[in-house]
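Asker: just the structure for this:
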Amino acid sequence: MTNSNTVSVNAAKIVKIVTAGPQGPAGPAGEGLDLDSTGKVAGSVVYYDSTAAKFKADATRTVENLVDGGNF
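Answerer: Numbering: from 1, shown residues only. Here you go, the predicted model:
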């Protein structure tokens, strides 16, 4: 049995059919995370820069300088 948007489950000779309805409206656009990744490098770690009032991913914080004793 092939029907668009239909799932048929057959267990112990019991058939249950579930039909999906139309897709609902899209939710509001996300907000609250202003990310500046223009200076990203390999291994960048996202951090918050309070002076710029945004999250950044750049060479200032990387997995290498955190491992080598970065200031948490």
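
Asker: list the contacts of S44.
Answerer: By C-beta atoms under 8 Å, 6 or more residues apart in numbering, S44 lies in contact with S37, A57, D58, A59, R61, T62. In short, each C-beta sits where N, CA and C put it, glycine included.

Asker: which parts of the protein are helices?
Answerer: 63-67 (DSSP state H).

Asker: quick one, what contacts the residue nearest the centre of the chain?
Answerer: Among the residues of the chain, G30 comes closest to the average C-alpha position under C-alpha atoms, centre = their mean, at 11.3 Å. By C-beta under 8 Å, 6+ apart, no residues touch G30.

Asker: about what we covered before: can you name the two of the contacts of S44 that are farthest apart?
Answerer: Across the contacts of S44, no pair lies farther apart than S37 and T62, at 13.2 Å, counting by C-beta to C-beta.

Asker: when those two are compared, which one has more neighbours?
Answerer: Legend: neighbour count by other C-beta atoms under 10 Å for S37 and T62, higher for T62 (18 against 11).

Asker: what's the closest non-adjacent residue to the more buried one?
Answerer: Using C-beta to C-beta, 6 or more residues apart in numbering and skipping residues adjacent in sequence, the residue nearest T62 is G43, 4.2 Å away.

Asker: I'd assumed Y47 was in contact with T60.
Answerer: Yes. T60 is within contact range of Y47, at 7.2 Å (criterion: C-beta atoms under 8 Å).

Asker: just grab the bridge partners of the closest residue to D49 other than its chain neighbours for me.
Answerer: Once flanking residues are discounted, D49 sits nearest to K56: 5.1 Å by C-beta to C-beta, 6+ apart. Beta-bridge pairing for K56 (DSSP bridges): D36, Y47.

Asker: got a list of what K56 touches?
Answerer: Here K56 is in contact with L35, D36, S37, G39, V46, Y47, Y48, D49 (C-beta under 8 Å, 6+ apart).
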